[in-house]
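*Asks:* Compute the structure for the input listed below.
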Amino acid sequence: MTLTILAVKFGEMELSSFTFYGLIATAACFIVSFALASIPLAQNMMTRKEKEK
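*Replies:* Sure thing, here's the model as predicted:
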């Protein structure tokens, strides 16, 4: 028995599995990008605090 999702419904909107997983992948990439971008920011903030002392 194959377990495949052919379509996902959100109210009146029906998305194909490709579109649904594409949206999930886009959201995951955004979260990873935001996390990676915050690392240099945190390092700069720590460096600035050390220079002020």
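*Asks:* what about residue 42, helix or strand, and which?
*Replies:* helix 17-52 (DSSP states H and E).
*Asks:* Counting neighbours, which bits of that helix end up buried?
*Replies:* Residues of helix 17-52 classed as buried: none (neighbour count, 16 or more other CB atoms under 10 Å). The C-beta positions use only the backbone N, C-alpha and C, and glycine is treated the same way.
*Asks:* now for it, which elements pack on it?
*Replies:* Using 3 or more CB pairs under 8 Å, 6 or more residues apart in numbering; DSSP states H and E, the elements in contact with helix 17-52 are strand 7-10.
*Asks:* what is the mean pLDDT for the strand it packs on?
*Replies:* Strand 7-10 shows a mean pLDDT of 65 in the predicted model.
*Asks:* cool, and stretch 33-52?
*Replies:* Mean predicted confidence for stretch 33-52 is 82.
*Asks:* distance between that stretch and the chain's centre?
*Replies:* 21 Å (CA atoms, centre = their mean, to the nearest Å).
*Asks:* for stretch 42-53, same thing?
*Replies:* The answer for stretch 42-53 is 28 Å, by CA atoms, centre = their mean.
*Asks:* Look up how far residue 46 lies from residue 40.
*Replies:* 11 Å (CB to CB, to the nearest Å).
*Asks:* no, scratch that, I was asking about residue 28
*Replies:* Going from residue 28 to residue 46 by CB to CB gives 28 Å.
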